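Enquirer: from the sequence below, what's the structure:
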Amino acid sequence: MATKLNISDFLDQDEKKDLLRLLTAGSVDDGKSTLIGRLLFDSKKLYEDQLDALERDSKRIGNAGDNIDYALLLDGLKAEREQGITIDVAYRYFSTNKRKFIIADTPGHEQYTRNMITGGSTANLAIILVDARTGVITQTRRHTYLVSLLGIKHVVLAVNKMDLVEYDQQVFDKIVDEYKQFVTPLGIPDINCIPLSALKGDNVVDKSDNMPWYKGTALLDFLETVHIANDHNLKDFRYPIQYVLRPNLDFRGFSGKISSGIVRKGDKVMAIPSGKISHVKGIHVYEGELKEAFSPQSITITLEDEIDLSRGEMLVHPDNLPRISRNFEAMLVWMDEKPMDRDLQYYIKHTTNTTRVRIDQIRYKVDVNTMEQSMTENLQLNEIGRAVFMTNKPLFFDPYKQNKSCGAFILIDPITNNTCAVGMIIDQVDESDLASTITKEDCERMRQGKSLVSTEERIKTLGQQGKLFVISGKELSSVREFSGILERRLFDTGHIAVVFDSKTLGVSGKDMLSLGFALQEQGIIVICIDSRNEITDVPEKTVTIRLSDEKTNDTISSESDQCTVFCQNISSAVEDIINIKLS
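Expert: Below you'll find the predicted structure:
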């Protein structure tokens with residue numbers, strides 16, 4: 001008699017299974033999508049409607065002859081099916097009696113490197129596929145380097161299409177030896193090699209009789225048993241504050257996700273950057289209160305003392321602090337079609353902290369196909385380099401290899417709001433090693449009252465040349481009206497302009513002119529209102545405009561910096577100034 005299914009028991013049992021996130025990577029036609037499709041098919045994880053659709057699609061657009069084309073389960077985009085390649089990252093979830101899995105099928109083409117980085121950013125394990133006929137190729141090295149860059153600790157080298165080389169052990173051994181020679185310097189701790197045939201099902205779910213010389217396990221058995229518990233950093237407690245929870249006057253908690261480590265009720269904790277000390281009063285989740293919590297749980301912590309904490313700050317154990325610095329070095333993967341702009345201050349999103357950051361210098365760029373390093377001034381789409389950063393305010397971080405959550409960040413373009421890069425922090429940088437560090441020569445310039453920012457740098461950043469206007473006239477109201485309209489139009493057309501009125505400022509026309517000239521030299525457009533009609537001598541290239549209540553034939557021109565304007569022609573005169581004097 002069949003046992004009645006208890007949904008609650010099933011869900012409880014499923015929830016207790018640990019989750020393995022894995023990605024597949026390989027060259028075009030190495031069989032990534034076919035392997036995952038076969039894994040789902042042989043492990044009986046497909047529904048009847050999926051099987052029916054797979055059989056129909058295999059006959060219509062499949063690439064496996066009369067056999068089922070398992071790759072169609074993963075290649076979801078129309079372009080992928082038409083070209084027979086993977087472009088986007090395809091995610092598939094399935095579960096066995098031992099473990100839950102999320103598989104990311106990532107594209108193998110070099111132009112889709114950013115897609116692979118996205119798919120592998122949360123992976124515990126990577127399956128690198130190699131065609132048994134071609135062996136280790138350039139793409140194999142590139143994908144392995146990216147896997148090591150992402151800090152993935154478990155790698156399976158899946159030598160696929162063994163059926164096409166007659167299941168020859170010598171072919172497999174030669175590929176394994178060549179691969180291990182390359183991968184050893186990258187420092188990946190756990191590497192396993194499995195010969196298989198995704199199309200035929202050899203060593204995918206069940207051990208193959210065609211390769212009796214292989215003494216290891218089938219791929220699924222390995223995935224079910226690989227030990228990943230030690231991959232989590234349970235040593236360094238890092239708790240970035242996401243928001244302050246105050247549902248009523250009697251409760252004030254700090255909510256967030258534990259990035260790493262363990263916290264227990266009664267633990268002594270430090271708030272950074274303030275350095276204030278308190279103890280954990282309670283650890284709260286939706287179901288109730290906990291005695292301890294660990295990464296990656298989302299919780300709310302209450303403290304014994306009233307400490308001022310807000311989003312972006314962090315709770316840690318006082319005897320185990322992260323690095324706290326504005327300066328650090330990181331490996332950077334550029335993901336935007338718009339190239340890096342070293343003159344632009346990007347937004348950096350790190351844990352729950354967001355601030356501005358400057359890319360101070362680029363150490364080198366890495367050719368992911370050859371591993372060669374070369375000098376460069378910026379990075380293009382899909383390029384990888386090592387760079388030095390300086391943020392506007394300190395970040396609290398660990399090296400990425402030690403702590404993924406507190407060692408990773410993204411860069412956001414402040415103009416387009418696109419995520420333009422992902423970074424993995426290597427370590428903090430000594431300020432003396434920064435290109436933007438204040439030198440002895442800079443200190444001497446400051447003692448002399450000179451700026452460290454050149455006029456050329458200001459003009460480049462502002463996107464305009466400085467200009468000085470002196471406006472005068474018999475009727476002060478007309479002069480102020482003209483100046484106000486000119487300032488408004490300049491602002492509307494993307495210029496930075498200021499208006500000075502000697503009478504309002506309470507200074508002489510000469511002093512106002514000196515101040516205006518200094519700002520004009522730094523790229524600012526300055527409009528000086530000569531309230532008392534006292535300015536006679538002006539610096540060279542200053543545009544002087546006198547308003548008159550009488551008609552005049554005088555016009556704004558590029559040849560002369562002096563002009564008389566009829567009061568009733570103010571609007572047209574303003575347009576002429578913008579079009580002629582600022583063009």
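Enquirer: before we move on, what SS does Val147 have?
Expert: Under DSSP: H, G, I helix; E, B strand; the rest coil, Val147 falls in the helix class.
Enquirer: my read: it touches Val155, true?
Expert: Yes. Contact status for Val147 versus Val155: in contact at 6.2 Å, counting by Cβ atoms under 8 Å. Where C-beta positions appear, they are placed from N, C-alpha and C, glycine not excepted.
Enquirer: overlap of the contact sets of these two?
Expert: Ala126, Ile128, Ile188 (Cβ atoms under 8 Å, 6 or more residues apart in numbering).
Enquirer: could you dump these to CSV with secondary structure?
Expert: What follows is the shared contacts of Val147 and Val155, written out as CSV (three-state DSSP):
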residue, secondary structure
Ala126, strand
Ile128, strand
Ile188, coil
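Enquirer: can you name the helix or strand that the one residue sitting closest to the centre of the chain falls in?
Expert: Closest to where the C-alpha atoms of the chain average out (Cα atoms, centre = their mean) is Ile410, at 2.0 Å. Using DSSP states H and E, Ile410 sits in strand 408-412.
Enquirer: partner strands of that strand and their direction?
Expert: Using DSSP bridges, strand 408-412 pairs in its sheet with strand 346-350 (antiparallel), strand 419-428 (antiparallel).
Enquirer: list the contacts of it.
Expert: Around strand 408-412, the neighbours that count as contacts under Cβ under 8 Å, 6+ apart are 121, 330, 332, 346-350, 357, 400, 418-425.
Enquirer: can you do 10 Å?
Expert: Here strand 408-412 makes contact (Cβ atoms under 10 Å, 6 or more residues apart in numbering) with 121, 150-151, 259, 328, 330, 332, 334-336, 340, 344, 346-351, 353-354, 357, 359, 389, 391, 395, 397, 400, 418-425.
Enquirer: please apply the same query to stretch 282-302.
Expert: 232-234, 236-239, 241-245, 251-267, 269, 278, 280-281, 303-304, 309, 315, 403, 405.
Enquirer: any of those residues buried? List them.
Expert: Neighbour counting with 16 or more other Cβ atoms under 10 Å marks 232-233, 236-239, 241-242, 252-256, 258-263, 265, 267, 269, 278, 280, 303, 309, 315, 403, 405 as buried within these.
Enquirer: mind listing which of those residues are in strands?
Expert: Those of the buried ones among the contacts of stretch 282-302 mapping onto strands are 238-239, 252-256, 262-263, 269, 278, 280, 303, 315, per DSSP state E.
Enquirer: among those residues, which pair sits farthest apart?
Expert: Pairwise distances across these (Cβ to Cβ) peak at 23.1 Å, for the pair Arg252 and Ile262.
Enquirer: next structured bit after the helix or strand bottoming out on mean pLDDT in the chain?
Expert: Ranking every helix and strand in the chain by mean pLDDT, DSSP states H and E puts helix 78-83 at the bottom, with a mean of 42. Following helix 78-83 in sequence order, the next helix or strand is strand 90-95 (DSSP H and E).
Enquirer: starting from the very next helix or strand once past that following strand, tell me which strands it pairs with and how they run.
Expert: Using DSSP H and E, the next helix or strand after strand 90-95 towards the C-terminus is strand 100-105. Note on strand 100-105: by DSSP bridges, its sheet partners are strand 19-26 (parallel), strand 90-95 (antiparallel).
Enquirer: I'd like the next helix or strand past strand 100-105.
Expert: helix 113-120.
Enquirer: how far does stretch 140-160 sit from the chain's center?
Expert: Its chain's average C-alpha position is 21 Å from that of stretch 140-160, according to Cα atoms, centre = their mean, to the nearest Å.
Enquirer: which residues of the stretch 351-500 of the chain score low on pLDDT?
Expert: 428-449 (pLDDT under 70).
Enquirer: helices of that one, start to end?
Expert: Here the stretch 351-500 of the chain has its helices, by DSSP state H, counting those that start in this stretch, at 404-407, 440-447, 455-462, 476-492.
Enquirer: what is the longest one packed up against?
Expert: If contacts are counted by 3 or more Cβ pairs under 10 Å, 6 or more residues apart in numbering; DSSP states H and E, helix 476-492 sits against strand 467-473, strand 497-501, helix 502-505, strand 525-529, strand 543-548, helix 570-576.
Enquirer: can you name the residues that contact Tyr93?
Expert: For Tyr93, the contacting residues are Leu19, Leu40, Lys45, Lys100, Phe101, Ile102, Ile103, by Cβ under 10 Å, 6+ apart.
Enquirer: scratch that, Lys17
Expert: Per Cβ under 10 Å, 6+ apart, neighbours of Lys17: Ser95, Thr96, Asn97, Lys98, Arg99, Lys100, Phe101.
Enquirer: hmm, 6 Å instead?
Expert: Shown here is Lys17, whose contacts under the criterion Cβ atoms under 6 Å, 6 or more residues apart in numbering are Arg99, Lys100.
Enquirer: so what does it look like in phi/psi?
Expert: phi -70, psi 140 (degrees, to the nearest 10).
Enquirer: same question, Gln169
Expert: Given degrees, to the nearest 10, the pair of backbone angles that Gln169 has is phi -70, psi -40.
Enquirer: which pLDDT value goes with it?
Expert: Here the pLDDT value assigned to Gln169 is 95.
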